[in-house]
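# kindly generate the corresponding structure for this input.
(chains A and B)
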There are 2 protein chains.
Amino acid sequence: MGENGEIVIEEANNNPYNKIPVEASGRHIHLSQEDMDSLFGQGYEMTVVKELSQPGQYQYKERVTLIGPKGTIQRVAILGPVRGRTQIEISLTDAVVLGIKPPIRESGDLDGAEALFVSTPRNVLKVEEGVIVAKRHIHMTEEDAKKLNVKDKDIVKVKINSKRPVIFEEVVVRANKNYKLSMHIDYDEANAVALEKETYGEILY
Amino acid sequence: MGENGEIVIEEANNNPYNKIPVEASGRHIHLSQEDMDSLFGQGYEMTVVKELSQPGQYQYKERVTLIGPKGTIQRVAILGPVRGRTQIEISLTDAVVLGIKPPIRESGDLDGAEALFVSTPRNVLKVEEGVIVAKRHIHMTEEDAKKLNVKDKDIVKVKINSKRPVIFEEVVVRANKNYKLSMHIDYDEANAVALEKETYGEILY
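Residues are numbered from 1 along each chain as shown, chains lettered A, B, ... in the order given. Below is the predicted model of the structure:
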């Protein structure tokens, strides 16, 4: 680290690790075991079709329909493994289609979140407090965090180097040994920056 | 103006005029007289339903349908007055629905732009080079420009002070005596910043 602020900033901006892959998260649902049983039947065996970029996370072949007061969205992805509580993550564009006003929250922060009906060919259930718009965030290991000079729960600014460049403020750092370095934004944010494959973000210090 | 850079920046950031109303532009079409005649019939009298924020611009009651290779979008607004050339402005979300890849361009820059079919109950026509995603921009008078220390065609950064704060880079200044101070972003960008009524942007110097 240099002796004054400018040198530190220069070092940070030349940090070769400061090149974070950016991914768009589509709308999806995480189900509790209870809700999975209710929607698909107890003992039903879900089929995994795809591993996700975060280790240990995957997508099932099965889908659900979201039913809001104003509209429905079909063929919504279910991500595994099961969670303690059902969580639905949608974009603000989806929220307008469905006719609800979910809060912008971090994953797992569901108290007072919005309600939606979720259906399968077998059943319909109401998720009372479970719908959020995910706050943009960066997954990384604790090693990555050290290299990037940040720590878990830090709020950082990230410049997206794309055709439609944007600096996202208030991006949450989520450091955990099970994560892989990746910034997650939703489809509204992805379209706002005209995200393409191989787009990278850079933390601004 | 101060004697060194820092003082100038401080003055700019304290500039009370640096509070720009931000508006979301929905998808819309501007028609040439020829295409209007073709879609509605020669001599047809269009009905104005709404004045827009930019002086002399208005919306008609009539609507069109956009027909792309993958999907259609109904009830698309037509803005007046007529223009020399038909121009369709959509979001990247719309582009995915329609199945086309329009360039991100300034209004009027249509050479090589995307194609779409446009229909009314009376006719369907193909707009060969007319579909763009509008580049975010700020309308202002030349007086506003002076107060904000910018000029027509400048490219600036704008911080949006919203619940989901973002700094938009590469924002085009469009200064003209007929304009009213307003930053225009599309619905993807509006949702990315969680735009609400009375949201303001601030030019960063």
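
# all helices of chain A, in order?
For chain A, the helices identified by DSSP state H occupy A:5-13, A:33-40, A:92-98, A:142-147, A:187-192, in order along the chain.

# distance check, the closest residue to A:Ser107 other than its chain neighbours against A:Tyr179.
Across the structure, with CB to CB, 6 or more residues apart in numbering or on different chains as the measure, the residue nearest A:Ser107 apart from its sequence neighbours is A:Ala134 (6.3 Å). C-betas here are computed from N, CA, C, even on glycine. In this structure, A:Ala134 and A:Tyr179 are separated by 15 Å, where distance is defined by CB to CB, to the nearest Å.

# likewise A:Ala113?
With the distance defined as CB to CB, A:Ala113 ends up 23 Å from A:Tyr179.

# pLDDT score assigned to A:Arg174?
At A:Arg174, the model reports a pLDDT of 97.

# what's around it, how many residues?
By the measure other CB atoms under 10 Å in any protein chain shown, the count of residues near A:Arg174 is 16.

# ok, back up a step: contacts only, for the residue nearest to A:Ser107.
Residues counted as contacts of A:Ala134 (CB atoms under 8 Å, 6 or more residues apart in numbering or on different chains) are A:25, A:89, A:104-107, A:184, A:186.

# residue contacts, A:Val22?
When the contact criterion is CB under 8 Å, 6+ apart, the partners of A:Val22 are A:160, A:182-183, A:185, A:190, A:193, A:195, A:199-201.

# so what sits opposite it in the bridge?
Each beta-bridge partner of A:Val22 is listed here, defined by DSSP bridges: A:Met183.

# with A:Ala134 instead?
In this structure, A:Ala134 bridges to A:Arg105 when assessed by DSSP bridges.

# return the distance of it relative to A:Ser162.
From A:Ala134 over to A:Ser162 the distance is 20 Å, taken as CB to CB.

# quick one: least confident helix or strand in chain A?
Here the helix or strand of chain A ranked lowest by mean pLDDT, DSSP states H and E is helix A:5-13, holding a mean of 51.

# would you agree A:Gly80 is in contact with A:Lys50?
No. Taking contacts as CB atoms under 8 Å, A:Gly80 lies outside contact range of A:Lys50: 10.3 Å.

# those two - which one has more neighbours?
A:Gly80 (16 against 11).

# list the contacts of the closest residue to that one other than its chain neighbours.
In this structure, A:Gly80 finds its nearest non-sequential neighbour in A:Tyr58, 5.2 Å apart by CB to CB, 6+ apart. Neighbour list for A:Tyr58: A:48-52, A:79-81 [criterion: CB under 8 Å, 6+ apart].

# recalculate using a threshold of 10 Å.
The neighbourhood of A:Tyr58, defined by CB atoms under 10 Å, 6 or more residues apart in numbering or on different chains, consists of A:46, A:48-52, A:78-81.

# what do you get for A:Val124?
A:38-39, A:64-65, A:67, A:117-118.

# kindly report the same for A:Lys135.
Listed by CB under 10 Å, 6+ apart, the contact set of A:Lys135 reads A:103-107, A:109, A:155, A:170-172, A:184-186, B:164.

# now the strands: where do they sit in chain A?
Listed in chain order, the strands of chain A (DSSP state E) span A:20-25, A:28-32, A:48-51, A:58-67, A:72-83, A:87-89, A:104-105, A:114-119, A:124-134, A:137-140, A:155-161, A:166-175, A:182-186, A:200-204.

# if we can go back for a sec, mind giving me CSV with the contacts of A:Tyr58 and columns for pLDDT and distance to B:Thr141?
Listed next are those as CSV, based on pLDDT from 0 to 100; distance: CB to CB, whole Å:
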residue, pLDDT, distance to B:Thr141
A:Met46, 97, 60
A:Val48, 98, 59
A:Val49, 98, 56
A:Lys50, 96, 53
A:Glu51, 96, 55
A:Leu52, 95, 50
A:Ile78, 98, 53
A:Leu79, 98, 50
A:Gly80, 97, 56
A:Pro81, 97, 58
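
# from these, pick the one nearest A:Val97.
Using CB to CB, A:Ile78 is the member of these that sits closest to A:Val97, with 19.2 Å.

# tell me what that closest one is bridged to.
A:Ile29.

# check contacts around the residue nearest to A:Ile185 when sequence neighbours are not counted.
Once its chain neighbours are removed from consideration, A:Ile185 has its nearest residue in A:Arg136; the separation is 4.9 Å (CB to CB, 6+ apart). Residues in contact with A:Arg136, defined by CB under 10 Å, 6+ apart, are A:22, A:25, A:104, A:106, A:158, A:168-172, A:183-186, A:189, A:201, B:164, B:166, B:192.

# buried ones among those residues?
Members of the contacts of A:Arg136 that pass the buried threshold by neighbour count (16 or more other CB atoms under 10 Å in any protein chain shown) are listed as A:22, A:25, A:158, A:168-172, A:183-186, A:189, A:201, B:164, B:166, B:192.
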